[in-house]
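> What would the 3D arrangement of this be:
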Amino acid sequence: MTPLETILSGRYFRQRVYPFPHIVGEDVLAPGVYRDVEEAFRAALRAGLSDTPDDGRFARTVPGYGAYVKPLLRDVTGPLALFVSRAWHDMVAALWDIEATLDMDAALHHHPVGSGDGWVHNDLNPGWFVDRPRPDGVNVSDPALCDYQHGGAAGHAGRPRETVRAAALLFYLANDPWSPGDGGETGLYASGRSPVSSPAAVVPPINNSLLCFACTPYSYHAFLRNQQSPRNSVILWIHVPAERAAQRHGARSIERWPLR
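I've put the predicted structure just below:
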């Protein structure tokens, strides 16, 4: 396993407190590492986009969500495997002092130009896993084994186990140079009732930067429409046991997924 200190650029992350605690990092990966990660992302994009679920390409998989999504699965190799590595998982957990389960859900996201605003939400959602960890111990969500949102297992995959998202990380890459007015930011909100067009703060999609926050009842955020350029990112979550999240936040605070 490659030590994380050889992957990161050495820049400091900055924690901000408004409208809820979050961390922003710029020039996150060392230049050569970032180039390899970006090229791997662009290679995945060159395979094309699908408007229906597709095993090999970016696809529309989330109703009402404007992005094309390509999951990172347990068998991912090459530069993008960094984002489901033990080192990356442990870095996210350490940022928020989380005793995480080693379960991860991660995907590449591509918002085409003109994607509409998202919706204000907090990411305090369940995640279901079957135990099939990678060699480093990280257990990556895989729809071929288990439905991440509702826990239905495929065949003899094993008994699903419920967790809850504990922290989210968005890493921005393969984007055009960004200027104010271009859109594609992640909006942060003080209330779940805030209009999506009126964020309290924004984080722009600048290449080789990240946004990370603990998933709480108050970590309200949303995608903001991108008028000028596509927005590309890697988005991932780490998790804690469902009972621990219920004890900390209250069972009613956990946002259940709508039934299909």
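> When you work out contacts or count neighbours from here on, use the C-alpha atoms and nothing else.
Fine.
> what are the ranges of the strands in the stretch 151-260 of the chain?
Assignment of strands within the stretch 151-260 of the chain using DSSP state E, counting those that start in this stretch yields the ranges 161-172, 186-189, 201-203, 209-214, 220-223, 231-241.
> Show me what the shortest one is packed against.
Yep, that's strand 201-203 we're talking about. strand 186-189 (3 or more C-alpha pairs under 8 Å, 6 or more residues apart in numbering; DSSP states H and E).
> helices or strands up against the strand it packs on?
Secondary-structure packing of strand 186-189 (3+ C-alpha pairs under 8 Å, 6+ apart): strand 201-203, strand 220-223.
> So what touches that strand?
Residues from elsewhere that reach strand 186-189 (C-alpha atoms under 8 Å, 6 or more residues apart in numbering): 19-20, 120, 196, 199-205, 219-224.
> now do stretch 246-253
Residues outside stretch 246-253 that contact it (C-alpha under 8 Å, 6+ apart) are 124, 216-217, 245, 254.
> what's the answer for stretch 172-182, then?
With contact meaning C-alpha under 8 Å, 6+ apart, stretch 172-182 is reached by 38-39, 41-42, 204-210, 226-234.
> Let's see that with 6 Å instead.
Here stretch 172-182 makes contact (C-alpha atoms under 6 Å, 6 or more residues apart in numbering) with 38, 205, 207-209, 227-228, 232-233.
> where in the stretch 1-150 of the chain is pLDDT low?
Across the stretch 1-150 of the chain, residues meeting the criterion (pLDDT under 70) sit at 1-2.
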